[in-house]
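>>> When you get a sec, could you give me coordinates for this:
(one chain, ligands or ions: 1)
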Amino acid sequence: MTAVVEAAGLTKHFTLRGHGGPRLRGRGTRTVHAVDDVGFRIDGGRTLAVIGESGCGKSTVAKLLLGLLSPTSGTITVTGERRIQLVAQNPWSALNRRKTIGHALDQPLRIHRRDLDARGRAARIRQLLELTSLPAEFLDRYPADVSGGELQRVTIARALAAEPRVLVLDEPTASLDVSVKAGLVNLLCDLRDDLGLTYLLITHEIDVARLLADEVLVMYLGHVVESGDADEVFDRPAHPYTRSLLDSVPVPDPRRRRTLLPLTGDVPSAVDPPSGCRFRTRCPHAVEKCAGARPDAVDIAPGHTAACHLTA
Ligand SMILES: Nc1ncnc2c1ncn2[C@@H]1O[C@H](COP(=O)(O)OP(=O)(O)OP(=O)(O)O)[C@@H](O)[C@H]1O
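Numbers count the residues shown, from 1 in each chain. Below you'll find the model as predicted:
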């Protein structure tokens, strides 16, 4: 396996200046620890899911990969040509309501496939619709004429027009009904396998991560608290945060139910994160040591690590 995406010591701090913001409570400069010393790799054709509550740094990792932000320190690299596309949560905001779907698909081809003439682009557009299981008559329709699930397929088709190797899927199913979610997840699996795509999936939907991910990175307040093979992490979570996060999701299969440790309270501010283990202020098992040094990631099983003083 060869790594297509690799992050090492990846760190992004945002500086809040002046005394205008409500978070500053006065003058001076504060630092938002959005992403701190994060490392991972995604091999070609694989899916890494980054999971965690809102504010844990998932979108910041995605923006660093897309090159929309530059790291404060550390690196995030993509091998070969940097062909990465984003599939965002809200397909309505990603598309121009006044332009047809045909236009939305033609636009990226004009930029990324200069080798194609009008006829070549029309053929490629038909292929893109087929790839995403959309009918050819969609070409003349407007975003308002199709359902949310169909529109998300259009945004996937549009992303594919740029011939990417890597797709960043940022909450791709969050705006969709449960009934259309499964179809979209299946489509994403098929596209990955047929086109050899590599995915970075950002989600707070554990069921979607379970279906799509090969590997999982669990983030809490900018830190990676657990990572590894998806089945291993989901079936044998080692970090108290992962266990609580998974316990917050209803599980229909009683064999998969664990002792419930649901999350209580909110994620603390990333401006002044807790010392040591950042989860300690909400952790039911926290002991004095947890406020001291940041726990190192230790091996739980081959390819499965957790950063908790109590599992070390
Ligand atoms: N441009 C910015 N300036 C200041 N702080 C920021 C900025 N972008 C993100 N943050 C902060 O960085 C932290 C991580 O945010 P991020 O959006 O990456 O989290 P997330 O896990 O993706 O959450 P969500 O699911 O809500 O998008 C949060 O505390 C957020 O407020």
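
>>> Now do the strands in this protein.
Listed in chain order, the strands of the chain (DSSP state E) span 3-16, 30-43, 47-51, 73-78, 84-87, 166-170, 198-203, 215-220, 223-229, 298-301, 304-306.

>>> if you average pLDDT over the last one, what comes out?
Yep, that's strand 304-306 we're talking about. For strand 304-306, mean pLDDT rounds to 97.

>>> chain center to it: distance?
Its chain's average C-alpha position is 19 Å from that of strand 304-306, according to Cα atoms, centre = their mean, to the nearest Å.

>>> tell me what it is packed against?
Here strand 304-306 touches strand 223-229, strand 298-301, going by 3 or more Cβ pairs under 8 Å, 6 or more residues apart in numbering; DSSP states H and E. (C-beta placed from N, C-alpha, C; glycine too.)

>>> ok so, going back, using JSON lines, please lay out the strands of the chain together with distance to Glu150 and mean neighbour count.
Below are the strands of the chain laid out as JSON lines (distance: least, Cβ to Cβ, whole Å; neighbours: other Cβ atoms under 10 Å):
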{"stretch": "strand 3-16", "distance to Glu150": "29", "mean neighbour count": "18"}
{"stretch": "strand 30-43", "distance to Glu150": "28", "mean neighbour count": "20"}
{"stretch": "strand 47-51", "distance to Glu150": "23", "mean neighbour count": "26"}
{"stretch": "strand 73-78", "distance to Glu150": "30", "mean neighbour count": "16"}
{"stretch": "strand 84-87", "distance to Glu150": "14", "mean neighbour count": "22"}
{"stretch": "strand 166-170", "distance to Glu150": "17", "mean neighbour count": "23"}
{"stretch": "strand 198-203", "distance to Glu150": "21", "mean neighbour count": "25"}
{"stretch": "strand 215-220", "distance to Glu150": "29", "mean neighbour count": "25"}
{"stretch": "strand 223-229", "distance to Glu150": "34", "mean neighbour count": "24"}
{"stretch": "strand 298-301", "distance to Glu150": "41", "mean neighbour count": "14"}
{"stretch": "strand 304-306", "distance to Glu150": "38", "mean neighbour count": "21"}
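
>>> TSV please, covering these and showing distance to Leu129.
Conversion of the strands of the chain to TSV gives the following (distance: least, Cβ to Cβ, whole Å):
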stretch	distance to Leu129
strand 3-16	27
strand 30-43	28
strand 47-51	24
strand 73-78	28
strand 84-87	16
strand 166-170	18
strand 198-203	21
strand 215-220	31
strand 223-229	35
strand 298-301	43
strand 304-306	40
